[in-house]
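Colleague: sequence and predicted structure below; questions after.
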Amino acid sequence: METVKKLEVTVASWYKSVPHLPKKGQEWLATNAWWLTLIGVILGALAIVNILFFSLLAGAFLTAVAGPIGAAAGGFVLFGVIISLGLGIVSVILGGMAINPLKALQKKGWSLLFALLLIEVAAIVVSDVLTFNLLALVWELVWAAVGGYFLFEIRGLFESKLHKGKQKEAK
């Protein structure tokens, strides 16, 4: 956990000098992060089901059409699919765990989203290295950096005045 905190501080320093969203935009994003995460969890769960279905279908097709060579290729593909499914399941679970703390604007929710970002970056790297798709790797890492930008834009609002104001309203 200490390593993740050090990584959080390091990544925060990367985003320190970039232009920031207006305060109203940051507040909107922080208060609505929970339902945006919920949408991501639902889409992620649907993606896992689709990956599982189509990978089984592709494995059966490769074995039936190409025989032993297709089965060997299918085995290599299956290795990548298993890793992708595992990381996808972890991502969906972390996203689901983050929803309630995000609603309450708790730091725990933000930290779970940061852990989710780290796992997504790992999944991108593993997936694109296994498929030898370096152009996609660069493109997806750029989009991960954009997601990180928005995540670190709302970092300060968790456990801040906005959070304390919500706690007072709840009392």
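Modeller: Cool, the structure landed. Residues are numbered from 1 along each chain as shown.
Colleague: in this structure, which ranges drop under the pLDDT threshold?
Modeller: For the chain, applying pLDDT under 70 flags the ranges 1, 59, 62-63, 69-77, 159-171.
Colleague: the helices in this protein, which residues?
Modeller: Secondary structure of the chain (DSSP state H): helices at 2-15, 23-103, 107-130, 134-153, 161-170.
Colleague: most tightly packed of those?
Modeller: Comparing those by mean neighbour count (mean count of other CB atoms under 10 Å), helix 107-130 comes out on top with a mean of 18. C-beta coordinates here come from the backbone N, C-alpha and C atoms, glycine included.
Colleague: list the helices and strands it packs on?
Modeller: Secondary-structure packing of helix 107-130 (3 or more CB pairs under 8 Å, 6 or more residues apart in numbering; DSSP states H and E): helix 2-15, helix 23-103, helix 134-153.
Colleague: want to throw the ones you listed into a markdown table with distance to Gly109?
Modeller: As requested, the helices and strands packed on helix 107-130 are arranged in a markdown table below (distance: least, CB to CB, whole Å):
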| stretch | distance to Gly109 |
| --- | --- |
| helix 2-15 | 14 |
| helix 23-103 | 3 |
| helix 134-153 | 11 |
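Colleague: looking at these, which is nearest to Ala123?
Modeller: helix 23-103 (4.0 Å; CB to CB).
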